[in-house]
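Peer 1: sequence first, predicted model second:
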Amino acid sequence: MAAPDKVTDLTSAVATHVRDGMTVALEGFGHLIPFAAGHEIIRQGRRELTFCRMTPDLLADQMIAAGCVSKLVASFFASGSAGSLHEVRRRVESADPEPLEVEEYSHYGMVCRYQAGAAGLPFFPLRSYAGSDLPKLNPLIRKVADPYGGPDIYVVPPLRPDVTILHAQRADRSGNVQMWGIVGAQQEAAYAAETVIVTVEEIVEEDVVRSDPNRTVLPAHAVTAVVECPGGAHPSYTQGHYDRDNAFYREWTPISRDPEAVLGWLDEWVHQVPDRAAYLAKLGAERWSGLAVAPRPSQPVDFGRRRVAAQGAS
Amino acid sequence: MAAPDKVTDLTSAVATHVRDGMTVALEGFGHLIPFAAGHEIIRQGRRELTFCRMTPDLLADQMIAAGCVSKLVASFFASGSAGSLHEVRRRVESADPEPLEVEEYSHYGMVCRYQAGAAGLPFFPLRSYAGSDLPKLNPLIRKVADPYGGPDIYVVPPLRPDVTILHAQRADRSGNVQMWGIVGAQQEAAYAAETVIVTVEEIVEEDVVRSDPNRTVLPAHAVTAVVECPGGAHPSYTQGHYDRDNAFYREWTPISRDPEAVLGWLDEWVHQVPDRAAYLAKLGAERWSGLAVAPRPSQPVDFGRRRVAAQGAS
Amino acid sequence: MSTSLSDVAPSSTEFLAAVAARQLAGKRRVFAGVGLPTLAVDLARRTLDPDVELVYESGICGAQPEGLAEGIADSVLVSGAAAVLSMPALFSYVLQRGHVDVGFLGAAQIDRWGSLNTSFIGDWDRPTVRLPGAGGAAEIMPNAGECIVVLRRHDPGALPAELDFCTSPSPVRAHEEDPRMVPPGHGVSTVITPMAVLRRPEKLGELEISEVHPGLTVDDVRAATGWEIAVAEDVRETARPTVEEVRLLREEIDTVRLYLR
Amino acid sequence: MSTSLSDVAPSSTEFLAAVAARQLAGKRRVFAGVGLPTLAVDLARRTLDPDVELVYESGICGAQPEGLAEGIADSVLVSGAAAVLSMPALFSYVLQRGHVDVGFLGAAQIDRWGSLNTSFIGDWDRPTVRLPGAGGAAEIMPNAGECIVVLRRHDPGALPAELDFCTSPSPVRAHEEDPRMVPPGHGVSTVITPMAVLRRPEKLGELEISEVHPGLTVDDVRAATGWEIAVAEDVRETARPTVEEVRLLREEIDTVRLYLR
């Protein structure tokens, strides 16, 4: 029973599935951020993307600076504890070097948009926004009447990316994807999309995945392409594989302040680098080993196996 | 940092939290059905319960026959592959020995009711029911207009049980509950409720739970009481612990056909039995060992541990 | 069930399962209960397409059971599955989002448009028979690409002019309620009965007799149907199960005769 | 930061964190970002109540980090946590369902009713400063039992008569939009600034000066506030952090001075 083999390389996956003008979501809430895939989009020179990401962090700064993005759909515009996104700010505050369209929600508003998209619903209700200026800023945030006699409630429309790109710990060749640690709204962002590309730390044998089916966040039917891409989340992290490169995030802030420095960085670390393996080599073994984590395995659980002849048509 | 200890015994948990006239959900979709807790409710003689269960199976037959239930909220009235629920049918078809009020949905309708209850929402939309007689049968199934210009969509109201009772593989003493295999809509049914009682195969040390936080379906804040109750799902099953007693389900059909036989069964297996340990003893070691499963452990995953001094305010 | 491998009755489970299996040619993901649909999918995997995948409403995707499952929530379906999703995820993200090609349904009654009754025979308030109700069928009907219905009876009670209750509506009924609410799925495409194979080629159309089982005539089928059922232009005799299909069902798929009757 | 353990400035992180920690007496579950709220919760656990639990919008419940977290999605919060939920579950089942007692928020601006601006300074279309936006604050405000706000500045720019933009509205503004839409939470109950502690005792009421930090007067605070702020009847001087509180912050909680400034 050979399932289709969805394993490809990142260059092919992006070339095949990401086209100019598309709506593209790259998700991962502080964890499993698909940096390698974002850099590949930059390298391939995609333009006019509507870029969806709850927390546009320095990946957004980089993709916007590279000229890939004409519109941002998001809910928090800052790089975690490391400060402002100056590339985003320059465009929004002074249209420098050009304006950036922004469609803005709260975090749960974005989550609800992905849920509606994933569930095939025309809208999703949430108990936020009463009295807020957000619905005035964003007319896609609307209200519906409660048919059970309660007060009106705000709703958001579905978000249906053309492509969602995620990073995960592992997948099998047919595309069953497992992740652990912070899983964010990745399941929803994937099911909401037409096409799903997942980069993983490792492709594993089917029996590894099938030993723990509850760990599968995306069954194969929800996944279009799988790419083995170790270190694909750096400078963010992959739980159990490598830690966040906090120094890198801090180093970004002064770069981000200087448009020339951003372009220089992109040239050196994206355009002049063919792929993630070369990027990691350039980063150097010492820096990489500084991000290593010590093992802390989960205790296995037992799924059980029916004993032959124990049951049946008795 | 000692968290509150929520471990109690089943008699106390039911006596404290389940009162006559309450709305009570016992969930578990063919797996982890909380039979021990249902039997304790019967033993304590609760009356006028609104009993919520997507698939009222022979547990519903037993609780209804015992006189605990005045209303059933459900979506599928049959005992899986093993046929009709005759106690339910007698009441619905001929009010024998008395009528039973039924509030009826589809499976996803019930799931959406639990989701709305769990999320604090006034309703939940689903793309079912257009053209169906179900909204005529159940006026709580209503429609709302799509504020984005699409067609109307049906919604269901929140289900908010006074008490939800579940069975699971394991929990720690503070009430962090882990389950695997089929998890149904148990997370939603629990968060929808005011009070949550969970019976488990085993109470484990906190570090077992904390070795795999993604496996926690109910964090302690969602759980009121935890009861160690091995075998608490028989004749249904607990993945990795014991298999479904299919013979028992088949034996129930002829009992269910005869009201006297049902009452006789309840007397022998519920009222004359003080607790689940006695029930299992009465069932006998041979039958029980026939339900044993061989081990099939999940392969552990690594959560990683930060190495001292690897990071910090660099 | 002492028939030979080459002479199974059109009313037998082997016959219905083999006919059902053939409907799955070219399909990818099937949403089904256990029993006959399980046999049909297993047979289709062995004879037509190894990639046919069963999705269960219990949340299981990509099961590889080591034994025959007794129920859609059987532990053998879980052990070794590719994924076990929560029911909210299964119903919303997998089914309602449109990932299911074929739904397999049963029913007590089906009407000319492929609407199904699985709720009541007789009066809603005091029914003659309280049937199991909607379960997941009310979701499978609108959201699966198409639905295949297997009936164990073919008579005007099971195929009436009017349903006692509509549990799972055809797109035709959805269209009557509101033309804008017509669901994405085709509704019932195929009905397999002990007498015939009925098809519904148009999403808003009626069932018609497409194949008549060996030994029966179109008139036999029309007489057993509760409305003036249409007949396809190219109606033909249903192909019998092959010896190999029957052998697979009996000797490899359901060796304990859990579902074969 | 060479002050002694007994002489920390009211504008220091130690002072603000110690004052914030005391607000958590009797509270059970706190929804917070990292930085000062993390310090406050950790301090409250050690001085007031070991059961105070931090819930993060990243989905983590019951964290027991082996090191100081740098961000709400830090891997040290995950390893050894009691639970990691998906964000849909965290926001809907935990927060929106009402399981959070206290939300900790920051803001660029707060008005007299406790509405917050974290979106724009200046014009919405071409702002002087593009702030981070709503994040989870727009959900924490209506759904947490109450919110505590920590401000790093106390001047009429940060506490203006009118917000440039309302990101996270007070129940007062929800009531203005529709009296039936008033959310379950109290909204902002307490504001801790470098000058004072402000409180809002009534769900639909205004902030008032409750405590004034050592060395300052009520008039100093009023002069630095952008509206005619009310004064509580029993206004008093803010209690200084104890030597033990400052020692815990510096020597046990944030030994690397990641957040202490």
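Peer 2: Received the coordinates, thanks. Quick caveat, the model's predicted, so the values are computed rather than measured.

Peer 1: first-to-last residue distance for stretch A:261-274?
Peer 2: Length of stretch A:261-274, first residue to last, CA to CA, to the nearest Å: 20 Å.

Peer 1: which parts of that stretch are buried?
Peer 2: Buried residues in stretch A:261-274, counted by 16 or more other CB atoms under 10 Å in any protein chain shown: A:Val262, A:Trp265, A:Leu266, A:Val270, A:Val273. To be clear about C-beta, it is placed using only N, CA and C from the backbone, and glycine gets the same treatment.

Peer 1: likewise stretch C:3-21?
Peer 2: Residues C:5, C:8, C:10, C:12-21 are the ones in stretch C:3-21 that count as buried (16+ other CB under 10 Å).

Peer 1: farthest pair in those?
Peer 2: The largest separation in the buried residues of stretch C:3-21, counting by CB to CB, is between C:Leu5 and C:Ala20 at 18.3 Å.

Peer 1: return the member of the buried residues of stretch A:261-274 nearest to chain D.
Peer 2: A:Val262 (16.8 Å; CB to the nearest CB).

Peer 1: so who does residue 203 touch?
Peer 2: Picked chain A for this. When contacts are counted by CB atoms under 8 Å, 6 or more residues apart in numbering or on different chains, A:Ile203 touches A:Val7, A:Arg170, A:Ala171, A:Asp172, A:Arg173, A:Val226, A:Glu228.

Peer 1: the chain in question should be chain C.
Peer 2: Applying CB under 8 Å, 6+ apart to C:Lys203 gives the contacts C:Pro171, C:Val182, C:His186, C:Gly187.

Peer 1: relative to the whole chain's centre, how far out is stretch A:186-196?
Peer 2: Offset of stretch A:186-196 from its chain centre (CA atoms, centre = their mean, to the nearest Å): 10 Å.

Peer 1: mean confidence for it?
Peer 2: Stretch A:186-196 carries an average pLDDT of 98.

Peer 1: if we go by neighbour counts, what in that stretch is buried?
Peer 2: Neighbour-count burial for stretch A:186-196 flags A:Gln186, A:Gln187, A:Glu188, A:Ala189, A:Ala190, A:Tyr191, A:Ala192, A:Ala193, A:Thr195, A:Val196 (criterion: 16+ other CB under 10 Å).

Peer 1: what's around the closest residue to chain B within the stretch 1-150 of chain C, how many residues?
Peer 2: In the stretch 1-150 of chain C, the residue that lies nearest chain B is C:Ala73 (2.5 Å; CB to the nearest CB). The tally of other residues near C:Ala73 (other CB atoms under 10 Å in any protein chain shown) stands at 28.

Peer 1: give me the nearest residue to it, chain neighbours excluded.
Peer 2: Excluding its sequence neighbours, the residue lying closest to C:Ala73 (CB to CB, 6 or more residues apart in numbering or on different chains) is B:Gly30, at 2.5 Å.

Peer 1: so the one you found belongs to a helix, correct?
Peer 2: No - applying DSSP: H, G, I helix; E, B strand; the rest coil, one finds B:Gly30 to be coil, outside a helix.

Peer 1: what separates the longest helix along chain C from the chain centre, distance-wise?
Peer 2: Ranked by residue count and defined by DSSP state H, the top helix of chain C is helix C:36-47. Relative to the chain's own centre, helix C:36-47 is displaced by 12 Å; criterion: CA atoms, centre = their mean.

Peer 1: right, is that helix up against chain A?
Peer 2: Yes - shown here: helix C:36-47 in contact with chain A (CB under 8 Å from any CB of the partner chain) through C:Arg45.

Peer 1: still on that earlier bit, now the buried residues of stretch C:3-21 as TSV including distance to A:Val24, pLDDT and secondary structure?
Peer 2: Listed next are these as TSV, based on distance: CB to CB, whole Å; pLDDT from 0 to 100; DSSP: H, G, I helix; E, B strand; the rest coil:
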residue	distance to A:Val24	pLDDT	secondary structure
C:Leu5	55	79	coil
C:Val8	54	88	coil
C:Pro10	54	87	coil
C:Ser12	53	90	coil
C:Thr13	49	90	helix
C:Glu14	50	92	helix
C:Phe15	50	94	helix
C:Leu16	47	93	helix
C:Ala17	45	94	helix
C:Ala18	46	95	helix
C:Val19	45	96	helix
C:Ala20	41	95	helix
C:Ala21	40	95	helix
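
Peer 1: got these as JSON lines, with distance to chain A columns?
Peer 2: Converted to JSON lines, the buried residues of stretch C:3-21 look like this (distance: CB to the nearest CB, whole Å):
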{"residue": "C:Leu5", "distance to chain A": "21"}
{"residue": "C:Val8", "distance to chain A": "20"}
{"residue": "C:Pro10", "distance to chain A": "24"}
{"residue": "C:Ser12", "distance to chain A": "17"}
{"residue": "C:Thr13", "distance to chain A": "14"}
{"residue": "C:Glu14", "distance to chain A": "16"}
{"residue": "C:Phe15", "distance to chain A": "21"}
{"residue": "C:Leu16", "distance to chain A": "19"}
{"residue": "C:Ala17", "distance to chain A": "17"}
{"residue": "C:Ala18", "distance to chain A": "20"}
{"residue": "C:Val19", "distance to chain A": "23"}
{"residue": "C:Ala20", "distance to chain A": "19"}
{"residue": "C:Ala21", "distance to chain A": "15"}
